[in-house]
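Undergrad: Quick one, structure for this:
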Amino acid sequence: MANSVPTLEDVANLTGVSKSTVSRILAKRIDPGKKIPFAVETQKKVLAAVAKLGYKPSKLARGLTMAKTGIIGLVIPSLTDSFFPYVTSAIETRLTEAGYSVILVNTNASTKVELARVEDLLSWQVDGLIVAPAQESGEAGLFWDLWRRQIPFVLIDRTFPDSPFCSVTTDDAVGAGLAVEHLVERGCRRIARVSGSSMSVYTNQQRQAGYLSALMRHGIVPQENYMIDVVQKEVDGRQLLDRILALNPRPDGIFCFSDFTAFDIIEACDQYGVRVPEELAVVGYADLPQSKLLKISLTTVRQPRTLMGRSAADMLLARMAGKEQPAQINLPVELIVRQSTMRKNAAGCRV
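TA: Alright, predicted model coming up:
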């Protein structure tokens, strides 16, 4: 015993009850509201034996016997994007409070990998899923399959329009509008935008819609060559700035669909001697912690990362419990103004 891992059978032998009795009593710790036909003394005896032996129930075995493991699968498209780790942390904290463990997997924004990872999680009998879809192709086949199989899941940050899927997103069309309105108010009329990832991604589609709508509200005709699509990890800041500076006429403002893209542009401007914001005003999206730490701090649209994570966890918990909840939550965003759009007045102060 001293040199082996204690088993369910060891607990049963020590208490003089069956393994199934031990299993059912331990299940009550996972679901306190569960009624079991055992005397309080028997329950205390089993729990005392568990403590004495240091027995740890196998979540996988429990899932096979009870159809409930206490495990949630969390699927994100990137571990290097600083947006998702913050959301992930909030999700894990909330689910831990509710007694669940989380298995985190990364898809590298690949639909093929996403399918394989989700199937792996389901083979481990997870109780539910929270997924930020890769949307590499924009297709929702995987999620319609989960829906038909009645597997509880919640989408975060990205969703599929006109679907019944539970989701927590932010109001990206409004956020993009705030960014462009601000640039216009600062005197910009030639406003370009950079996507940073595929336009099949829902968030990019919403930001594009907000960008176009805001331009047209101010009588600015959208220019197709001002809409720059890049894969962020494949193009560095200098290459991107070269493309921007080569446009004719040269943009005086740029809206980036991600803070990372904006960081690259501001760094390249510093290397090339392009003055920000005097020659090129820059707005990002997400308000990552680095935004206020740059040599020229970044004006950006703030997304409520922690609220998104907790809201998604609460939505999944409610769905698994069969409780009524809104199918879609769209959280508000706000514009955070910093130096990358603040022009200097006659006294040399940024305004």
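Undergrad: CA atoms for contacts and neighbours, from now on please.
TA: Noted.
Undergrad: ranges for the helices of the stretch 101-250 of the chain?
TA: Assigned by DSSP state H, counting those that start in this stretch, the stretch 101-250 of the chain shows helices spanning 111-123, 141-148, 172-185, 202-217, 237-245.
Undergrad: List the contacts of the shortest one.
TA: Counting contacts by Cα atoms under 8 Å, 6 or more residues apart in numbering, the residues outside helix 141-148 that touch it are 115, 152, 153, 165.
Undergrad: Between the residues you listed, which sits nearest residue 311?
TA: residue 153 (13.0 Å; Cα to Cα).
Undergrad: burial count for that closest one?
TA: Burial measure for residue 153: 27 neighbouring residues, criterion other Cα atoms under 10 Å.
Undergrad: Show me which residues of stretch 287-303 are buried.
TA: 287, 288, 291, 292, 296, 297, 298, 299, 300, 301, 302, 303 (16 or more other Cα atoms under 10 Å).
Undergrad: Give me the helix or strand of this protein that scores worst on average pLDDT.
TA: helix 59-66 (a mean of 55; mean pLDDT, DSSP states H and E).
Undergrad: Spell out which strands sit alongside the next helix or strand after it in the sheet and which way each one runs.
TA: Counting by DSSP states H and E, the element after helix 59-66 in chain order, helix or strand, is strand 71-76. Looking at strand 71-76 with DSSP bridges, its partner strands are strand 101-106 (parallel), strand 128-131 (parallel).
Undergrad: Give me the mean pLDDT for strand 71-76.
TA: For strand 71-76, the mean per-residue pLDDT is 96.
Undergrad: report the angle between the axes of whatever helix or strand comes next after that strand and strand 71-76?
TA: Where DSSP H and E defines the elements, the next helix or strand beyond strand 71-76 is helix 83-97. For helix 83-97 against strand 71-76, the angle by axes from the mean of the first three to the mean of the last three Cα atoms, to 10 degrees is 170 degrees.
Undergrad: Off-centre distance for helix 83-97?
TA: 9 Å (Cα atoms, centre = their mean, to the nearest Å).
Undergrad: And residue 138, how close does it get to residue 200?
TA: Here residue 138 is placed at a distance of 5 Å from residue 200 (Cα to Cα, to the nearest Å).
Undergrad: Residue 225 is nearest to which of the helices of the stretch 101-250 of the chain?
TA: Here helix 237-245 is closest among the helices of the stretch 101-250 of the chain (Cα to Cα), at 9.5 Å.
Undergrad: that older thread, among the helices of the stretch 101-250 of the chain, which is the most enclosed?
TA: helix 172-185 (a mean of 22; mean count of other Cα atoms under 10 Å).
Undergrad: Now, the buried residues of stretch 287-303 that are in strands?
TA: Counted as lying in strands by DSSP state E, out of the buried residues of stretch 287-303, are 299, 300, 301, 302.
Undergrad: Looking at the residues you listed, spot the one nearest residue 126.
TA: Checking these one by one against residue 126 (Cα to Cα), the nearest turns out to be residue 302, at 32.3 Å.
Undergrad: Below-threshold pLDDT in the chain: ranges please.
TA: 1-3, 27-36, 57-67, 232-235, 344-351 (pLDDT under 70).
Undergrad: List the neighbours of the strand or helix carrying residue 41 that are in contact with it.
TA: Assigned by DSSP H and E, residue 41 belongs to helix 40-53. Contact with helix 40-53 is made by 6, 11, 12, 14, 15, 22, 25, 26, 56, as judged by Cα under 8 Å, 6+ apart.
Undergrad: Could I get the buried residue list for the stretch of helix or strand the fourth one belongs to?
TA: Spelled out, that is residue 14. Per DSSP H and E: residue 14 is located in helix 8-15. Across helix 8-15, burial judged by 16+ other Cα under 10 Å covers 8, 10, 11, 12, 15.
Undergrad: For stretch 271-290, buried residues please.
TA: Result for stretch 271-290 [16+ other Cα under 10 Å]: buried residues 274, 276, 277, 280, 281, 282, 283, 284, 285, 286, 287, 288.
Undergrad: try stretch 313-324
TA: Applying 16+ other Cα under 10 Å to stretch 313-324 flags 313, 314, 315, 316, 317, 319 as buried.
Undergrad: Equivalent analysis for stretch 194-204, please.
TA: 194, 195, 196, 197, 198, 199, 201, 202, 203, 204.
Undergrad: what do you get for stretch 14-26?
TA: So for stretch 14-26, counting by 16+ other Cα under 10 Å, buried means 15, 19, 21, 22, 23, 24, 25, 26.
Undergrad: Just these: which are in helices?
TA: 15, 19, 21, 22, 23, 24, 25, 26 (DSSP state H).
Undergrad: Check the contact between residue 306 and residue 87; I expect there is one.
TA: Yes - counting by Cα atoms under 8 Å, residue 87 is a contact partner of residue 306 at 5.6 Å.
Undergrad: Turn the buried residues of stretch 14-26 into JSON lines, columns for distance to residue 38.
TA: Below are these laid out as JSON lines (distance: Cα to Cα, whole Å):
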{"residue": "15", "distance to residue 38": "13"}
{"residue": "19", "distance to residue 38": "13"}
{"residue": "21", "distance to residue 38": "8"}
{"residue": "22", "distance to residue 38": "10"}
{"residue": "23", "distance to residue 38": "12"}
{"residue": "24", "distance to residue 38": "9"}
{"residue": "25", "distance to residue 38": "8"}
{"residue": "26", "distance to residue 38": "12"}
